[in-house]
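after the sequence you'll find the predicted model.
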2 protein chains.
Amino acid sequence: MPSVRVAGVGLTPFGEHPDRTTRDLFAEAGIEAMSDAEVRADAVDAVYFGNFVGELADGQGHHGPLVAESLGVSAPATRFESACASSGVAVRHAVRAVECGDADVVVVGGAERMTHVGTDEATAMLATAADAIHEVSAGVTFPGAYALMADAYFETYGGSRRDLAHVAVKNHGHALENEYAQFQFEVSVDDVLEAPTVASPLGLLDACPVTDGASALVLVSDEYARDADVEAAVEVTGSGQASDTLALQDRETLSRTPATERAAAEAYRDAGIEAADIDLVEVHDCFTCAEVFALEALGLYDPGEAITAAREGETWRDGQLPVNCSGGLKAKGHPVGATGASQVVEMTRLLRGDHPNSDYVSEASTGVTHSAGGTVASTTVHVLEVAR
Amino acid sequence: MPSVRVAGVGLTPFGEHPDRTTRDLFAEAGIEAMSDAEVRADAVDAVYFGNFVGELADGQGHHGPLVAESLGVSAPATRFESACASSGVAVRHAVRAVECGDADVVVVGGAERMTHVGTDEATAMLATAADAIHEVSAGVTFPGAYALMADAYFETYGGSRRDLAHVAVKNHGHALENEYAQFQFEVSVDDVLEAPTVASPLGLLDACPVTDGASALVLVSDEYARDADVEAAVEVTGSGQASDTLALQDRETLSRTPATERAAAEAYRDAGIEAADIDLVEVHDCFTCAEVFALEALGLYDPGEAITAAREGETWRDGQLPVNCSGGLKAKGHPVGATGASQVVEMTRLLRGDHPNSDYVSEASTGVTHSAGGTVASTTVHVLEVAR
């Protein structure tokens, strides 16, 4: 079975791009990735594209062929929609396509554009990732859903808003030198605690922003990398995907995210690693509490133990387990369809040494990325390793 | 490499289901397919689901986990959106997942619900499959786009509205005994020619209807079929996918659909067949002219030759090459996200002998299905054969 290499990566700056289109944003990231990989358009076997609400925000569905065209690529193109995990799922299927021998060169990524619709409308669009019948009709939006989960966690394991505030402080700190980040400024624990409440116990600075942006990777088989003499130092050695009920009401508990546990188990088995082997992670921190849920579900902390990790400095870039060195969704931003693949972009740069935070993690050789859709109803986990 | 068998199929009646939800429709089709396959929910490794405009028509995105849950399945679930080829593309990826050894049992299908929004709104939703900037902003909707293609065809190769009318007459004839068809009534050539013009040269009876409905298949590896003693007489031996520019303005010609040619070449190579080996086809006839384009792009007729096929009786169920024995999109209906997989359902039933039109095609052993999105900007082709 061919192994899968990351031959190139690309990002747009994350932030507000009200005058651009989704296809245009993806073209920028995709062409950057192809240039980084030194791969020409006619070498691309397939395009895998993640996008969440193009129909609602842009009046544009059928984005697969459109973004392929924007790269000058005429290969088959597929659009994946799994809410906030859209391009995480696209990466998962792209990895399998290369492993399967079905493609030697895949451009995979995602894009989203939402800032132009305003925050209220964006919140409503994001809510289409929740259960329209059992949740949204009852008034649930994502800040409310994650607030319910945070409360359930506090009730089960303890912890405080102050603990969560340290997650925000850390991720803003990590984003300071990331030129692609939407928020390149620091926040203090007091800033977070004093920010307006969005849905108790979560405040405005516990939440990631609404963002426009795009991300792209060129994945190639090891054979292709060798034959085409492409530098591709990072290997995707494991991939896992899992689902859960869309509605929180159908879960056994709100304080755990079992879909992530299942996706991680598959990805670790695939890569032949254990949680203890992981040096570095990028997780889906749409809210501060989501980082805590992810770290526990990935097996990096026991249940109830991750809540103090940021406060204790363990998950800072100079700590024992650096988490979200990119700045995370929290500070780097969350252009929904782009997010899952952007985590793999950031991890690749961290591992190959050309990320602004690479110096902090120069010993790292095994990284994990975690993407989540809805209240972790869709999730993917990928293991990246420096190729030996 | 495992070969891929169709172990079970399911459909809802195609038509108007204004009081049902997309998840509910898919549950009906999916549970029917799982029952047909005698596969239990816990044996399912993945769910692949095609849906086009759930966000717009139902206020519901993130349909993958939702429809898996509706089947009682907790396996990873992925939603595919490729406009009218959404579940055609889902089938393509499901086939590869089984071939890859990534899954032994996949439930794949699709669903759509659009009749409740009314025809004008449905036309606008369907138009999100066209290029919002270069086509829709200029007033193009799909009847108009296909009318341009029909005109280009007439200009290049000749043919008439009367020739196209025979396609509608045939497909209505084929649907008469199909209990899942939206239109179980005959139309005459005069009915078609005298119907109101939608976009010249196409009239109302040249167009498929707006439809609600769902389709599902259980695909299994041959090993699984043997070990679980599952009856699965039909094998998917070939799969092809291709893309083209979204906007017609960027094509070299409007009278050909080269994406279908490329997808067919891949599928035939995969299956080790040539066009001459094909006994039976189900093609994407969203408009009567689309059937003509498909037959030529599939290599079943030379350019300019398929226009008279229905009129000459060649593509009737008792002709030399039966086309759309299901009734096609034209008469069976077109619940967008369900259509691509429903063609594979119909072909499976035709080949295994339990379709109302099976008696007409009892000698057939090789069938091809063709799914198209937009003006054939996305397309998949599958080869099905009676397993030896």
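That came through fine. Numbers count the residues shown, from 1 in each chain, chains lettered A, B, ... in the order given.

next up, phi/psi of the most far-flung residue of chain A relative to its centre, please.
What lies farthest from the middle of chain A is residue A:227; by C-alpha atoms, centre = their mean that is 30.9 Å. Note on residue A:227: its backbone torsions stand at phi -60, psi -40 [degrees, to the nearest 10].

write out the residues of the stretch 251-388 of chain A neighbouring chain B.
By C-beta under 8 Å from any C-beta of the partner chain, the part of the stretch 251-388 of chain A that sits against chain B consists of A:263, A:373, A:374, A:377, A:378. Where C-beta positions appear, they are placed from N, C-alpha and C, glycine not excepted.

filter those residues down to the ones in helices?
residue A:263 (DSSP state H).

farthest pair in the residues of the stretch 251-388 of chain A next to chain B?
Pairwise distances across those peak at 13.9 Å for A:263 and A:374 (criterion: C-beta to C-beta).

show me what from the stretch 101-250 of chain A comes close to chain B.
Contact residues, the stretch 101-250 of chain A versus chain B (C-beta under 8 Å from any C-beta): A:102, A:125, A:128-133, A:136, A:241-246, A:250.

would you map the helices across chain A?
Remark: helices assigned in chain A by DSSP H are A:22-37, A:54-58, A:63-70, A:86-99, A:119-126, A:142-157, A:161-175, A:189-194, A:222-227, A:258-271, A:288-297, A:328-332, A:336-352.

could these go into JSON lines alongside mean pLDDT and distance to residue B:43?
Shown next, in JSON lines, are the helices of chain A (pLDDT from 0 to 100; distance: least, C-beta to C-beta, whole Å):
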{"stretch": "helix A:22-37", "mean pLDDT": "98", "distance to residue B:43": "38"}
{"stretch": "helix A:54-58", "mean pLDDT": "95", "distance to residue B:43": "34"}
{"stretch": "helix A:63-70", "mean pLDDT": "98", "distance to residue B:43": "31"}
{"stretch": "helix A:86-99", "mean pLDDT": "98", "distance to residue B:43": "20"}
{"stretch": "helix A:119-126", "mean pLDDT": "93", "distance to residue B:43": "34"}
{"stretch": "helix A:142-157", "mean pLDDT": "98", "distance to residue B:43": "31"}
{"stretch": "helix A:161-175", "mean pLDDT": "98", "distance to residue B:43": "40"}
{"stretch": "helix A:189-194", "mean pLDDT": "98", "distance to residue B:43": "47"}
{"stretch": "helix A:222-227", "mean pLDDT": "96", "distance to residue B:43": "33"}
{"stretch": "helix A:258-271", "mean pLDDT": "98", "distance to residue B:43": "16"}
{"stretch": "helix A:288-297", "mean pLDDT": "98", "distance to residue B:43": "25"}
{"stretch": "helix A:328-332", "mean pLDDT": "98", "distance to residue B:43": "36"}
{"stretch": "helix A:336-352", "mean pLDDT": "98", "distance to residue B:43": "28"}
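
just say which of the ones you listed is most tucked in.
Comparing the helices of chain A by mean neighbour count (mean count of other C-beta atoms under 10 Å in any protein chain shown), helix A:328-332 comes out on top with a mean of 32.

run the chain-centre distance for it.
Between the centre of helix A:328-332 and the centre of its chain there are 10 Å (C-alpha atoms, centre = their mean, to the nearest Å).

now for that helix, which elements pack on it?
Judged by 3 or more C-beta pairs under 8 Å, 6 or more residues apart in numbering or on different chains; DSSP states H and E, the packing partners of helix A:328-332 are helix A:161-175, helix A:288-297, helix A:336-352.

10 Å instead, please
Helices and strands touching helix A:328-332, by 3 or more C-beta pairs under 10 Å, 6 or more residues apart in numbering or on different chains; DSSP states H and E, are helix A:161-175, strand A:280-282, helix A:288-297, helix A:336-352.

what would those look like in a markdown table with distance to residue A:45?
Shown next, in a markdown table, are the helices and strands packed on helix A:328-332 (distance: least, C-beta to C-beta, whole Å):
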| stretch | distance to residue A:45 |
| --- | --- |
| helix A:161-175 | 34 |
| strand A:280-282 | 27 |
| helix A:288-297 | 32 |
| helix A:336-352 | 17 |
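
including distance to residue A:318, could the helices of chain A go into CSV?
Converted to CSV, the helices of chain A look like this (distance: least, C-beta to C-beta, whole Å):
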stretch, distance to residue A:318
helix A:22-37, 28
helix A:54-58, 38
helix A:63-70, 38
helix A:86-99, 27
helix A:119-126, 34
helix A:142-157, 26
helix A:161-175, 10
helix A:189-194, 18
helix A:222-227, 33
helix A:258-271, 25
helix A:288-297, 17
helix A:328-332, 16
helix A:336-352, 14
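
for residue B:329, find the nearest of these.
helix A:63-70 (20.0 Å).

relative orientation of the closest one and helix A:336-352 in degrees?
Computed by axes from the mean of the first three to the mean of the last three C-alpha atoms, to 10 degrees, the angle separating helix A:63-70 from helix A:336-352 equals 50 degrees.

list the contacts for the residue nearest the centre of chain A?
The centre of chain A sits closest to residue A:340, judged by C-alpha atoms, centre = their mean, with a distance of 3.2 Å. Residue A:340 sits next to A:50, A:80, A:82, A:84-92, A:108-110, A:215, A:282, A:284, A:369-373, A:378-380, A:382 when contact means C-beta atoms under 10 Å, 6 or more residues apart in numbering or on different chains.

and with 6 Å instead?
Residue A:340 makes contacts with A:85, A:87, A:88, A:371, as judged by C-beta atoms under 6 Å, 6 or more residues apart in numbering or on different chains.

return the distance of the spatially closest residue to the last one that is not a sequence neighbour relative to chain B.
Take residue A:371 and drop its neighbours on the chain: the residue closest to it by C-beta to C-beta, 6 or more residues apart in numbering or on different chains is residue A:88, 2.6 Å away. Between residue A:88 and chain B the computed distance is 11 Å (C-beta to the nearest C-beta, to the nearest Å).

cool, residue A:72 as well?
According to C-beta to the nearest C-beta, residue A:72 and chain B sit 11 Å apart.

state the pLDDT value of the nearest residue in space to that residue that is not next to it in sequence.
With C-beta to C-beta, 6+ apart as the criterion, residue A:72 has its nearest non-adjacent residue at 4.2 Å, and that residue is residue A:41. Confidence at residue A:41, expressed as pLDDT, is 98.

for residue A:41, give its distance to residue B:92.
22 Å (C-beta to C-beta, to the nearest Å).

next, count neighbours for residue A:321.
Residue A:321 has 17 neighbouring residues, counting by other C-beta atoms under 10 Å in any protein chain shown.

what residues are up against it?
With contact taken as C-beta under 6 Å, 6+ apart, residue A:321 is in contact with A:314, A:315.

what's the mean pLDDT across stretch A:75-82?
Averaged across stretch A:75-82, the pLDDT comes to 98.

just to revisit the earlier point, please tell me I have it right and the residue nearest to residue A:371 contacts residue A:380.
Yes - contact criterion C-beta atoms under 6 Å: residue A:88 and residue A:380 qualify, at 3.9 Å.

any residues in contact with both of these two?
By C-beta under 6 Å, 6+ apart, the residues touching both residue A:88 and residue A:380 are residue A:371.

how close does residue A:99 get to residue B:100?
According to C-beta to C-beta, residue A:99 and residue B:100 sit 7 Å apart.

next: residue A:255.
With distances taken as C-beta to C-beta, residue A:255 is found 36 Å from residue B:100.

looking at these two, which one has more neighbours?
Using other C-beta under 10 Å as the criterion, residue A:255 and residue B:100 rank with residue A:255 on top: 21 against 18.

against residue B:119, how distant is that one?
Taking C-beta to C-beta, one finds residue A:255 at 48 Å from residue B:119.

quick check, nearest of the residues of the stretch 251-388 of chain A next to chain B to residue B:144?
Out of these, the member with the shortest distance to residue B:144 (by C-beta to C-beta) is residue A:373, at 35.7 Å.

per-residue confidence for that closest one?
Per-residue pLDDT puts residue A:373 at 98.
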